[in-house]
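Asks: Model the following, please.
(one chain, ligands or ions: 2)
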Amino acid sequence: MLGLFGSAENTAFGEKHLPPRRTLPNVAPVSVRFTILASGSSGNCAYLEAGETRLLIDAGLSGRQTRQRLATLGRAPEGLHGILLTHEHSDHISGLVALAAKLQIPVYCNRLTAEAVTEITEAKFDFRLFTTGGGFEVNEVGVETFAVPHDAMDPVGFLLRTSAGNLGFLTDLGHATRLTVERVRPANVLVLETNHDVKLLQDDLRRPWSLKQRILGRHGHLSNEAGAAVAEQIVSENLHHLFLGHLSRDCNRPELAHRAVSSVLQKTGAAHVGITVASQDVPCPTIELGAQIPAIEPAPAAN
Ligand SMILES: [Zn+2]
Ligand SMILES: [Zn+2]
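Replies: Numbering: from 1, shown residues only. Ligands and ions are numbered 1, 2, ... in the order given. Take a look at the predicted model:
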């Protein structure tokens, strides 16, 4: 029987189940640094370093690209303690075989995602399974998971709790449910999807009607306006920085995503929230949680 949240147990599927998350002890703040290595419809991968703990969130860059971008931080895939997966779409797992299977790095995901990843890659992984909605720990990082409405097997968002602050991931969702908004509300730094500009998507001649319907649907992706509405709902003095992510290369522009969100925040008087539009092509500047938060950066030039 596969008892989730039991003690670590090996199963026929070869994975271990994760014990539930404890309340983390009050420890002295450690250095917590976060870098989005890539974000966009062609590949998503982010790096979190909390004290001695080194994690990737999704592995949607090639192994080579991941290695190159980690090297700009002075890090290497061999030093990773785990890879957290939101879901099995290729823009989130295309580097997983090269990184996790070859280097034997643990992969944290739910059961349906693990099954889908195994079927897609035909590779063997050291899976650590969680139940969607539950929490667990990877060394000093507390991980909370929650369901998001997206057309994958069992897609999730994350809230990562560290002693220096909380980091939220909310991408790949067709609409923001009340649950998703509540689960990322404690985030001090949030990666928020602003996938497309609705008009650019509707006017796009290369995408078939069925694909547009999928993207715009209740289980597709958040538009700039939908992302801005989420930002408006969760903004508080605790929210320090927004990374706008998962932009479509063809149906969005960084300045449109930035404008949609910054205009909403300005209306609410939230001038303290920094905004960075994440790029597909280059890593974002590293942000240090708990440190002096930088002011709003100018949106990068369109590419
Ligand atoms: Zn997806
Ligand atoms: Zn995606």
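
Asks: Show me the contact partners of the lengthiest helix in the chain.
Replies: Longest helix in the chain, counting residues (DSSP state H): helix 254-267. Residues outside helix 254-267 that contact it (Cβ atoms under 8 Å, 6 or more residues apart in numbering): 192, 194, 197, 200, 224-225, 227-229, 231-232, 235, 242, 244, 247, 271, 273, 275, 277, 279, 296, 299-302. For glycine as for every other residue, the C-beta is placed from the backbone atoms N, C-alpha and C.

Asks: Can you flag which of these belong to helices?
Replies: Using DSSP H, the contacts of helix 254-267 in helices are Leu200, Asn224, Glu225, Gly227, Ala228, Ala229, Ala231, Glu232.

Asks: From the residues you listed, pick the one nearest ligand 2.
Replies: Gly227 (14.0 Å; Cβ to the ion).

Asks: Now do the closest residue to the closest one other than its chain neighbours: how many residues are near it, please.
Replies: Spatially, and ignoring its direct neighbours in sequence, Gly227 is nearest to Thr194 (3.9 Å; Cβ to Cβ, 6 or more residues apart in numbering). A count of nearby residues for Thr194, using other Cβ atoms under 10 Å, gives 32.

Asks: wait, Leu103 sits on His81?
Replies: No: counting by Cβ atoms under 8 Å, Leu103 stays clear of His81, with 11.4 Å between them.

Asks: Find the closest residue to ligand 2 in the stretch 1-150 of the chain.
Replies: For the stretch 1-150 of the chain, Cβ to the ion, closest residue to ligand 2: Asp91, 4.3 Å.

Asks: Not counting its neighbours along the chain, what's nearest that residue?
Replies: Per Cβ to Cβ, 6+ apart, closest to Asp91 is Gly60, 4.6 Å.

Asks: now Met153
Replies: Closest residue to Met153 apart from its sequence neighbours, by Cβ to Cβ, 6+ apart: Leu112 at 3.9 Å.

Asks: which strands and helices sit next to the host helix or strand of the one you found?
Replies: Using DSSP states H and E, Leu112 falls within helix 111-121. With contacts defined as 3 or more Cβ pairs under 8 Å, 6 or more residues apart in numbering; DSSP states H and E, the packing partners of helix 111-121 are helix 90-93, strand 107-109, strand 127-129.

Asks: So for ligand 1, which of these sits nearest?
Replies: helix 90-93 (6.5 Å).

Asks: same question for the helix or strand just after the closest one, mean pLDDT?
Replies: Helices and strands here follow DSSP H and E; after helix 90-93, the next one along the chain is helix 96. For helix 96, mean pLDDT is 98.

Asks: Compute the distance from the centre of helix 96 to the centre of its chain.
Replies: The gap between where helix 96 is centred and where its chain is centred comes out at 15 Å by Cα atoms, centre = their mean, to the nearest Å.

Asks: just stretch 100-117 next, same as before
Replies: Distance of stretch 100-117 from the chain centroid (Cα atoms, centre = their mean) equals 16 Å.

Asks: Between its first and last residues, how far does that stretch reach?
Replies: 12 Å (Cα to Cα, to the nearest Å).

Asks: Fine, thanks again, bye for now.
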